[in-house]
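Colleague: Got a sequence here, can you build the structure:
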Amino acid sequence: MDSMSAPGLGGWIEDNYGVLSNFLADGLGFMGYPQLAEMMQRAEFRKPVEVIAKESTREWIKFTSTRSGDDMVQDERAAKRMKALEAEFRRLRVRDVVRRQIWHGLAYGLGHVWIGIKGAALNSAGQDVPLVIGSKGLAKGSVERLVNIDPIWTNPNTYNADNPLKPDYYRPQNWWVQGTLVDQSRILTMVPFEVSDILKPAFNFGGLSLTQQLRAYVHNFLRTRQSVSDMVSNYSFIGIATNMEATMQNPFPGSDTPAGEDGIIGRAQALTRIKTNNGAWVYDKESEDIKVLTANLSGLNELQAQSQEFMASIPGIPLVKLFGIQPTGLNASSDGEIRVFYDEIAAFQEANVGPILRKIFHLSQLNLWGEIDPDLDFEFVHLWQMDEKQLAEIQKIKADTDAVLVEAGIIAAEEGRERQATDEQSNYRDVDLTGPPPEPPDPEQDGAGLEGILKRGEEEE
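Modeller: Below you'll find the model as predicted:
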């Protein structure tokens, strides 16, 4: 297609007009940021995007250390550095920035975050320079801010479309941001739903937005909703049985000309104007008859509910999360659907949010210490959390297991204490392991246990 002359291209379009027209009519081509922005003004498009963006950053992340815990000095150093990273993430507003980037990526197919470096001029000369995120490319204390850039203000400048074996194949080398040329290393880009390479230039090197994917289903729901509303408001209508021939032959008052079909229409219009629950209709007892006809409304709620479910199926959000609709029926529960949704969010985080956070994670370390600590890492906190009762039951099972293993001689008591001290969910994770474990008290000699407590209570009385 690129090598065709004008006549040849015209012939190709003529031969493939049906394919092209269907492609555009089905909403498969890039719709453009202005139209996508208008669509995001409607709640049916906006709600799924906001639910995924908020849920993906709700529990957020926690920083971890890969050290085993045998070196107290190194452990204290890692704890201080993790606290410093938490403060740096708050300063850069990483959580808010990533949430907005997800919002842009789902709404428009593309999300940009610009890395602001202190002292770098805000023009092409200062921004079209590669930014090396490493100890030799980024000075300590040079990261000033992170800024979300709406995709409508960006478009790619140059990209490699020649050799698929190169790492930058169909990846922009730099971007125009409202007239300023910015190197791609200074922009963190998220594309949740990628398209084929041949379509990337047409999509501004973004992807297929969730908004565009929902388009057909939202329009079907809106049409169904309006149809149901029209049926409800007009579920009954009045029919009049009359002598049509006489009505057409009789003249209007003050005229000698027969009314004709205008007489029938006029009588129907008069009936329509007063058709309310408070209206009354006077008709001829001998030649006319009034009937109230009603439409069957059964099944309308299922049709409207089904169109809503179609909208929820595309983003994979449970109805209770998206619309607040609780499941009905005996023992109905949405826990399973919510668990599946949380797993989908976890996969979305790993695939789309993780690479962005990894770069910001390294960027923050270089900004704080001028180096990347290989012992530090982070992980996403899963949305599915157990309540206190469930945690207590699990701890009870673990304690019983340790007791059995110690009594059987499979593990020592010190090993059981170490597991309790290193278990993040344990109530005794901060126990001091420097000394030997205490001997279990004898209820009869030391007054421990339930019997000892009751005995001491009796003595006090």
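Colleague: Quick one: residues in contact with stretch 44-59.
Modeller: 39-40, 95, 98-100, 102-103, 106-107, 210-211, 214, 218, 221-222, 311-312, 314-315, 317, 321-322, 341-342, 345, 348-349, 353, 380-383, 385 (C-beta atoms under 8 Å, 6 or more residues apart in numbering). Backbone N, C-alpha and C define where each C-beta goes, glycine included.
Colleague: My error: substitute stretch 370-385 in the last question.
Modeller: Contacts of stretch 370-385 (C-beta under 8 Å, 6+ apart): 55, 58-67, 74, 78, 81-82, 85, 134-135, 139-140, 338-339, 342-343, 345-346, 349-350, 353-354, 357, 361-362, 365-366.
Colleague: outside of the top helix by length along the chain, which residues touch it?
Modeller: Ranked by residue count under DSSP state H, the longest helix found in the chain is helix 210-233. Outside helix 210-233, the residues that touch it by C-beta under 8 Å, 6+ apart are 26-27, 31, 36, 39-40, 42, 44-45, 48-49, 52, 106-109, 192-193, 295, 297, 300, 303-304, 307-308, 310-311, 313-315.
Colleague: from those residues, which ones fall inside strands?
Modeller: Using DSSP state E, the subset of those located in strands is empty.
Colleague: In helices only, show me those residues.
Modeller: Those of the contacts of helix 210-233 lying in helices (DSSP H): 36, 39, 44-45, 48-49, 52, 106-108, 300, 303-304, 307-308, 310-311, 313.
Colleague: Put the buried members of the contacts of stretch 370-385 into a ChimeraX selection.
Modeller: Applying 16 or more other C-beta atoms under 10 Å to the contacts of stretch 370-385, the buried members can be selected in ChimeraX as follows:
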select :55,59,60,61,63,65,78,81,82,85,338,342,345,346,349,353,357,361,362,365,366
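Colleague: quick one: Y159 and K166 touch, right?
Modeller: No: Y159 is not in contact with K166 according to C-beta atoms under 8 Å; the separation is 10.6 Å.
Colleague: Quick one, which of the ones in helices among the contacts of helix 210-233 are buried?
Modeller: 36, 39, 44-45, 48-49, 52, 106-108, 300, 304, 307-308, 311.
Colleague: Out of the residues you listed, give me the two with the largest separation.
Modeller: Y108 and L300 (35.2 Å; C-beta to C-beta).
Colleague: what about the strands in the stretch 1-150 of the chain?
Modeller: 61-65, 111-117, 143-149 (DSSP state E, counting those that start in this stretch).
Colleague: What pairs with the one helix or strand V182 maps to, parallel or antiparallel?
Modeller: Taking DSSP states H and E as the criterion, V182 maps to strand 180-183. Using DSSP bridges, strand 180-183 pairs in its sheet with strand 172-177 (antiparallel).
Colleague: which residues sit against the strand it pairs with?
Modeller: Contacts of strand 172-177 with the rest of the structure, by C-beta under 8 Å, 6+ apart, involve 112, 114, 127-128, 149, 153-160, 181-184, 187, 205.
Colleague: Give me the buried subset of those.
Modeller: Using 16+ other C-beta under 10 Å, the buried ones in the contacts of strand 172-177 are 112, 114, 127-128, 149, 154, 156, 159, 182-184, 187, 205.
Colleague: Okay, the residue nearest to the spatial centre of the chain and K321: tell me how far apart.
Modeller: Centroid-nearest residue in the chain, with C-alpha atoms, centre = their mean: I52, separated by 1.1 Å. Computed as C-beta to C-beta, to the nearest Å, the I52 to K321 distance reads 10 Å.
Colleague: got it, and F193?
Modeller: F193 is 20 Å from K321, by C-beta to C-beta.
Colleague: More neighbours: these two, which one.
Modeller: Using other C-beta atoms under 10 Å as the criterion, F193 and K321 rank with K321 on top: 20 against 16.
Colleague: How about the secondary structure of the more buried one?
Modeller: Under DSSP: H, G, I helix; E, B strand; the rest coil, K321 falls in the helix class.
Colleague: likewise the one 5 residues further on?
Modeller: Judged by three-state DSSP, the three-state class of Q326 is coil.
Colleague: ok, now which ones touch the closest residue to it other than its chain neighbours?
Modeller: Leaving aside its sequence neighbours, Q326 sits nearest to V320 (C-beta to C-beta, 6 or more residues apart in numbering; 5.9 Å). Applying C-beta under 8 Å, 6+ apart to V320 gives the contacts Q326, P327, S334, E337, I338.
Colleague: does the fourth one sit in a helix or strand, and which one?
Modeller: Think E337. helix 335-348.
Colleague: hmm, who's touching whatever helix or strand comes next after that helix?
Modeller: Heading C-terminal from helix 335-348, the first helix or strand you meet, by DSSP H and E, is helix 354-369. Contact with helix 354-369 is made by 61, 81, 84-85, 88-89, 92, 94, 98, 101, 113, 115, 133-135, 138, 140-143, 146, 188, 190, 371-373, 376, 378, 380, as judged by C-beta under 8 Å, 6+ apart.
Colleague: No further questions, thank you.
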